[in-house]
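K.L.:
A predicted structure for the sequence below; I have some questions about it.
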Number of protein chains: 2
Amino acid sequence: MKTAENAQLALLLEVAGTPKPGNVDRERDFPDLRFEHFLAGTVGAGPGLRAAEEGAPVGESFERAIAGMSQQEGGNTQFGALLLLVPLVKAASANENGDNGDAGGDAEDAPGRLSPEDVTRVVEATTTEDAADFFRAFDHADVYVDDPPEDAAELDVRRGSDAIPAVEERGVTLYDVLALGDDADDVAAEWTGGFERTFWAADRLAELAGSAPASATAAQVYLELLAREPDTLVAKQHGEKTAESVRVRAQEALEGGPEVVEAFAESLVADGVNPGTTADLTAAGLFVALTRGEVSV
Amino acid sequence: MKTAENAQLALLLEVAGTPKPGNVDRERDFPDLRFEHFLAGTVGAGPGLRAAEEGAPVGESFERAIAGMSQQEGGNTQFGALLLLVPLVKAASANENGDNGDAGGDAEDAPGRLSPEDVTRVVEATTTEDAADFFRAFDHADVYVDDPPEDAAELDVRRGSDAIPAVEERGVTLYDVLALGDDADDVAAEWTGGFERTFWAADRLAELAGSAPASATAAQVYLELLAREPDTLVAKQHGEKTAESVRVRAQEALEGGPEVVEAFAESLVADGVNPGTTADLTAAGLFVALTRGEVSV
């Protein structure tokens, strides 16, 4: 498959994985956010992902992906996942074309095997124009975010394109914008931290490959990610204490087996607790593993 | 959404609909053919569907769609559905572009509302080159088909591209090739019969729209299609008597409600009976309803 197609397949496998406690999956709809909204979001994101594959800037590709994703009635389905996937697609595509800007020849960064360095180069090269397009993307989707830092109120992403004059005046890049939030948002933390959890997930998916269908290993890795670190969307919506409690319960579910996992899943849905950032990381890990040829369907 | 995107969404909604007795759905995998193979098949078919949207010939677009669909390990997932969707996409796209070749101005065929006449024009305009590409498509996928008519042994589709010299010598179009099989194959019968069951399904989906999520109404319409006519894939694989018995049981399931439908679904899987043609018609009906804006997600 081509790079953008792997990204779409990653989004589909992620949402197909079940049980994925607290998230929509193929056996669980929320009242207003259903499995089929994620299917439509994936199809709609195609043109933006293909733009990234063809080398378009990160911001432009991302805004296009979000505009396309939003052509369904469920609202924000894959905003965070696409914020990880767009630079990963661009990096993978550059890598395949032998155009990854890598001066060295170390094994970790051999052409054809997508590395943290490849994607870090892409995010570090983002511009103020990328930042402006990122803010435009918020015009298309209603995304749950925290208040910005006190000294950056003008850069509140919830202002959408209204914030662009401030972005341009300050001359911040998209990388700079995400760095403002990387302590409270694990998607932003991936951008500034070498996509560490994404590549961890990819390696785990590769280890588990063949033991079960890809969507089932994705559900397993989702739970492992959730057990390792508190989900930052849960922390924003319900507080850090709840997020830590969910992490501990994920650990218990991993140790307790399928019945405990099911009960955990039911209770998160009942409480309206949605570890959406962990699902985003799972999708990104699937993309890396698919691109590396270490997971297949 | 754009036309090719509606086709991909139709494929995804079809396979997501559950219960869809005898077919893979989001709650039922077969041992070697799983839900995720259909997800990958849908993503892979994208370039072929976009080629049809952009006006490429039916045969070329179809071969590309099948080559893309086949980049997964489950085998033939959506061959029949794509044989319906490719001309429908081409017709819908021409229609949107005001280039549908329609001389008249009747209401049935108003621009913007895809009609049987639009797609019939497309299939009737297929050429010998389209037929050759259709045979090439069989090189990519292992498709269950009957023996050809006695006077057309050279045109056995199972020969794949080996049959192309005979296709060219006889000068048959793709429409001609499908007309050879339209008494035993309901996908072929759609081509030569104005896509009657496709448009019937689209109208039923439009009637049911809003009463349940789109994938749920698709599962309902699948069952209604199955209750109306014997599935031709079942007839080919298990004989006409079995196909008629499945039709009658589908009718009983419709009347009996969810528990009877579930029991019917379990028994078809246990007996290895797969009404795949009816699933193809459901996907095609979804596409028409999405394109007409009468079903949304």
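P.N.:
It's in. Numbers count the residues shown, from 1 in each chain, chains lettered A, B, ... in the order given.

K.L.:
For chain A, which residues are neighbours of chain B?
P.N.:
In this structure, chain A approaches chain B at residues A:1, A:5, A:8-9, A:12-13, A:16, A:26-27, A:29, A:34-37, A:39-40, A:42-44, A:46, A:71-74, A:213-215, A:296-297, judged by Cβ under 8 Å from any Cβ of the partner chain. Every residue, glycine included, has its C-beta placed from N, CA and C.

K.L.:
Quick check on those residues: which are buried?
P.N.:
A:1, A:5, A:8-9, A:12-13, A:16, A:26, A:29, A:34-37, A:39-40, A:42-44, A:46, A:71-72, A:74, A:213-215, A:297 (16 or more other Cβ atoms under 10 Å in any protein chain shown).

K.L.:
Okay, now the unreliable bits of the stretch 1-150 of chain A?
P.N.:
For the stretch 1-150 of chain A, the stretches with pLDDT under 70 are A:100-111.

K.L.:
residue boundaries of the helices in it?
P.N.:
Ranges of helices within the stretch 1-150 of chain A are A:3-16, A:35-44, A:46-53, A:58-69, A:79-96, A:116-124, A:128-137, based on DSSP state H, counting those that start in this stretch.

K.L.:
how about the closest residue to residue A:261 other than its chain neighbours, secondary structure?
P.N.:
Spatially, and ignoring its direct neighbours in sequence, residue A:261 is nearest to residue A:253 (4.5 Å; Cβ to Cβ, 6 or more residues apart in numbering or on different chains). Of the three states, residue A:253 takes helix under DSSP: H, G, I helix; E, B strand; the rest coil.

K.L.:
Report how many residues lie close to residue A:210.
P.N.:
Residue neighbour count, defined by other Cβ atoms under 10 Å in any protein chain shown, stands at 11 for residue A:210.

K.L.:
before we move on, what about residue A:151?
P.N.:
Neighbours of residue A:151 under the rule other Cβ under 10 Å: 8.

K.L.:
go on, residue A:97?
P.N.:
Neighbours around residue A:97, by other Cβ under 10 Å: 12.

K.L.:
so what's it up against?
P.N.:
Shown in contact with residue A:97 (Cβ atoms under 8 Å, 6 or more residues apart in numbering or on different chains): no residues.

K.L.:
what about the spatially most central residue of chain A, distance to chain B?
P.N.:
Geometric centre of chain A, nearest residue: residue A:81, 2.5 Å, by Cα atoms, centre = their mean. Distance, residue A:81 to chain B, by Cβ to the nearest Cβ, to the nearest Å: 15 Å.

K.L.:
Compute the distance between that residue and residue A:69, please.
P.N.:
Counting by Cβ to Cβ, to the nearest Å, the gap from residue A:81 to residue A:69 is 9 Å.

K.L.:
what angle sits between whichever strand or helix holds residue A:289 and helix A:46-53?
P.N.:
Using DSSP states H and E, residue A:289 sits in helix A:276-291. Helix A:276-291 runs at 60 degrees relative to helix A:46-53, counting by axes from the mean of the first three to the mean of the last three Cα atoms, to 10 degrees.

K.L.:
For residue A:202, the count of nearby residues, please.
P.N.:
Look at residue A:202: counted by other Cβ under 10 Å, it has 25 neighbours.

K.L.:
In the stretch 51-200 of chain A, which residue sits closest to chain B?
P.N.:
Across the stretch 51-200 of chain A, the shortest distance to chain B (Cβ to the nearest Cβ) belongs to residue A:72, at 5.0 Å.

K.L.:
wait, what's in contact with that residue?
P.N.:
So residue A:72 contacts A:36-37, A:40-41, A:44, B:296-297 (Cβ under 8 Å, 6+ apart).

K.L.:
Identify the farthest-apart pair in those residues.
P.N.:
Using Cβ to Cβ, the pair of the contacts of residue A:72 lying farthest apart is A:41 and B:296, separated by 13.4 Å.

K.L.:
How about residue A:27, nearest residue that isn't a chain neighbour?
P.N.:
Closest to residue A:27 by Cβ to Cβ, 6+ apart is residue A:18, at 4.7 Å.

K.L.:
ok, the one you found - contacts?
P.N.:
A:25-28, A:215, A:219.

K.L.:
same deal with residue A:167?
P.N.:
Shown in contact with residue A:167 (Cβ under 8 Å, 6+ apart): A:128, A:131-132, A:135, A:155, A:177.

K.L.:
Output these as TSV; include the columns distance to residue B:203 and neighbour count.
P.N.:
Formatted as TSV, these follow (distance: Cβ to Cβ, whole Å; neighbours: other Cβ atoms under 10 Å in any protein chain shown):
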residue	distance to residue B:203	neighbour count
A:128	51	19
A:131	48	26
A:132	46	21
A:135	44	24
A:155	51	20
A:177	49	26
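
K.L.:
what's the closest of those to residue A:65?
P.N.:
residue A:135 (14.8 Å).

K.L.:
And residue A:64, how close does it get to residue A:121?
P.N.:
For residue A:64, the distance to residue A:121 - Cβ to Cβ - is 22 Å.

K.L.:
So for those two, which residue has more residues nearby?
P.N.:
Counting neighbours by other Cβ under 10 Å for residue A:64 and for residue A:121 shows that residue A:64 has the greater number, 26 against 19.

K.L.:
so what's that one closest to, chain neighbours aside?
P.N.:
Here the residue nearest residue A:64, using Cβ to Cβ, 6+ apart, is residue A:48, at 3.5 Å.

K.L.:
How confident is the prediction for residue A:173, by pLDDT?
P.N.:
In this model, residue A:173 is scored at 98, pLDDT.

K.L.:
Residue A:211 is in contact with residue A:217, isn't it?
P.N.:
Yes: Residue A:211 is in contact with residue A:217 according to Cβ atoms under 8 Å; the separation is 6.7 Å.

K.L.:
more crowded one of these two?
P.N.:
residue A:217 (23 against 9).

K.L.:
Check which helix or strand that one maps to.
P.N.:
Using DSSP H and E, the element containing residue A:217 is helix A:214-228.

K.L.:
immediately after that helix, which helix or strand?
P.N.:
Counting by DSSP H and E, the next helix or strand C-terminal to helix A:214-228 is helix A:232-238.

K.L.:
CA atoms only: put that following helix into PDB for me.
P.N.:
Coordinates of each C-alpha in helix A:232-238 appear next as PDB, following Å, rounded to 0.1, in the frame of the first residue of the first chain:
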ATOM      1  CA  THR A 232      -4.100  13.500  28.800                       C
ATOM      2  CA  LEU A 233      -7.600  13.900  27.300                       C
ATOM      3  CA  VAL A 234      -9.000  12.300  30.400                       C
ATOM      4  CA  ALA A 235      -6.800  14.500  32.600                       C
ATOM      5  CA  LYS A 236      -8.100  17.600  30.800                       C
ATOM      6  CA  GLN A 237     -11.800  16.600  31.000                       C
ATOM      7  CA  HIS A 238     -11.900  14.900  34.400                       C
END
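
K.L.:
Show residues contacting it.
P.N.:
Residues from elsewhere that reach helix A:232-238 (Cβ under 8 Å, 6+ apart): A:22, A:80, A:144-146, A:184-187, A:189, A:242-243, A:246, A:273-277.

K.L.:
first vs last residue of stretch A:149-159, how far apart are they?
P.N.:
End-to-end span of stretch A:149-159 (Cα to Cα, to the nearest Å): 14 Å.

K.L.:
Mind listing residues that contact that stretch?
P.N.:
Residues from elsewhere that reach stretch A:149-159 (Cβ under 8 Å, 6+ apart): A:134-135, A:138, A:143, A:145, A:147-148, A:163, A:166-167, A:170, A:172, A:177, A:180.

K.L.:
Okay then, goodbye and thanks.
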